[in-house]
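**Student:** 3D model of this:
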Amino acid sequence: MKPFRRRILGNLLLWLGALLVSLYVVVIQLLPLYDDAVSRLEFWLLLGLVFLLAFIVSAAVGYRVIKVLIAPIENITETAMELVKGNYQARAYEEPLAGSSSLSSTINVLARNLQEITAVREMEQERLKTLIETMGSGLIMVDRQGKISLFNKYFQNEFELRAEKLIGKFYGELPIPDKLASFIEKVFMTETPAREQMEYQAGINKRALEVYGAPVIGNHEQWLGIVIVLHDITELKRLEQIRKDFVANVSHELRTPVTSIKGFSETLIDGAYKDESSLLSFMEIIQTEANRLETLIEELLELSRVEKSGFQVDAQPTDMKAVIEYAIELMQPGLTEKNMTLKTHLTPVNVAGDANRLVQILMNLLANAINYSAPEKTIEISLYENRNQAVIKVKDEGIGIASAEIPRLFERFYRVDKARSRNSGGTGLGLSIVKHLIEAHHGKVEVDSTVGVGTTFTIYLPLAS
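**Tutor:** Now for the predicted structure:
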């Protein structure tokens, strides 16, 4: 039985006991007045009826007291206990006639306010969690005891860590690069913001990170720990290196023909022009270097155009077989000079493309195959349709390309064999132009090569609708 009810029922029983004692005293005083048995029987019957009536009245009064006063109080108490347990959906009964109605109403207002505050807090926590998990940078928080209190998926994936190896662990125990561990140690010990760029080896790849760390300050200037944010700048570093290489390569490529032209022209001015054989030889060299310089400038301008944002080709239904045959005709002098054999397996296919640009792609690939192949070798060109795409294969029997060099093959000025390419007049820009032109046609290019055996370039282009 509940405490309030036990207390009220106890008081009612005391009241009933006192009533019975009083009646007993009255009976003792009145009993001598009844001499005969009949009178005494009537007296006892009357007394029993009085006792019964008193019991009924006491029960009715007790029930009414419990219903009107005790039940609402117990309901309010139960509701308060549910709120203490965190069940903010609990509500108390509001009896208009009960004296506790204002208390019930106040408890319900408190419950609704707590429920709204909890809902807002849960929504904010969910937003914060979503923001932390989906941000494009790694994040980790270390509390004032030096233990990991917060992290996101990006940080886990960056260092291939499982959640159980992070939460609650001391930051010095994390299996992370030494440079990052030292940076966290510095921020944690000095409690001052810091920023640093670092590189580390992840398997066969080198990764670059920009790391920012800062102390977390709570209310009343209380130090709560530190937060570390990691930005992946590997691609930015790669692009920066490509830019540096590009500037260096352009300077070198321009300097070589200019130096030759300047040197031979100065020699002629100094009197070599008087020797007819020397004059002709020097003039041929000057012309060759001038042509090489012109080719380099033209290809630089062409690369600048195809790399420009928004560059598009004039895609029209084009006979790819005719394009390949025209490119072969233009490259025939090079094939004849090295006594090379060209085999073709061409199936008529119409593609959506710019004929002039497609000829440019094929000429660059054929020139690459000729330059990197020894005399009297064979080049094969295939054209066929596969899965709603036109497939063009250019296969040579050249020096081949190592697998480690293939990812850099389409970079500007990158050469597999620098000496041979330069001697043949190559600029190192042809494959870069090829890649951009193929992508402008919404196609793709793949390379399969074996050192000492040869290389196959495979181009996929969309068919004409």
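
**Student:** All the strands of the stretch 351-465 of the chain, in order from the start?
**Tutor:** Assigned by DSSP state E, counting those that start in this stretch, the strands in the stretch 351-465 of the chain fall at 378-386, 389-395, 444-450, 454-462.

**Student:** mind listing what the first one pairs with, with the direction of each?
**Tutor:** Partner strands for strand 378-386, per DSSP bridges, with pairing direction: strand 341-346 (parallel), strand 389-395 (antiparallel).

**Student:** So for residue 233, which of these sits nearest?
**Tutor:** Nearest to residue 233, of all the strands paired with strand 378-386, is strand 389-395, at 36.1 Å by CB to CB. From N, CA and C alone the C-beta is placed, and that goes for glycine too.

**Student:** biggest strand in the protein by residues?
**Tutor:** For the chain, the longest strand by residue count, based on DSSP state E, is strand 205-217.

**Student:** before we move on, back to that, need the strands paired with strand 378-386 in a markdown table (columns: mean neighbour count and distance to residue 435).
**Tutor:** Formatted as a markdown table, the strands paired with strand 378-386 follow (neighbours: other CB atoms under 10 Å; distance: least, CB to CB, whole Å):
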| stretch | mean neighbour count | distance to residue 435 |
| --- | --- | --- |
| strand 341-346 | 12 | 23 |
| strand 389-395 | 20 | 14 |
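
**Student:** wait, which of those strands is closest to residue 411?
**Tutor:** Residue 411 lies closest to strand 389-395 among these, at 19.6 Å (CB to CB).

**Student:** average pLDDT for that closest one?
**Tutor:** Regarding strand 389-395, the rounded mean pLDDT is 92.

**Student:** hmm, back to that, closest to residue 239 out of the strands of the stretch 351-465 of the chain?
**Tutor:** strand 444-450 (20.6 Å).

**Student:** can you pull out the strands in the stretch 201-350 of the chain?
**Tutor:** Taking DSSP E, counting those that start in this stretch as the test, the strands found in the stretch 201-350 of the chain are 205-217, 223-232, 316-319, 341-346, 350-353.

**Student:** Give me the buried positions along the longest one.
**Tutor:** Put plainly, it is strand 205-217. By 16 or more other CB atoms under 10 Å, the buried positions in strand 205-217 come out as 207-213, 215-216.

**Student:** from those residues, which single one is nearest residue 119?
**Tutor:** Using CB to CB, residue 216 is the member of the buried residues of strand 205-217 that lies nearest residue 119, at 26.3 Å.

**Student:** list the contacts for the closest residue in space to the closest one that isn't next to it in sequence?
**Tutor:** Closest residue in space to residue 216, ignoring its immediate chain neighbours: residue 224 at 4.5 Å, by CB to CB, 6 or more residues apart in numbering. Shown in contact with residue 224 (CB atoms under 8 Å, 6 or more residues apart in numbering): 143-144, 216-218.

**Student:** picking up where we left off before, quick one: which of the strands of the stretch 201-350 of the chain is nearest residue 106?
**Tutor:** Going by CB to CB, the one of these nearest residue 106 is strand 223-232, 36.0 Å.

**Student:** secondary structure class for the residue most central in space within the chain?
**Tutor:** Closest to where the C-alpha atoms of the chain average out (CA atoms, centre = their mean) is residue 136, at 5.1 Å. The three-state label given to residue 136 by DSSP: H, G, I helix; E, B strand; the rest coil is coil.
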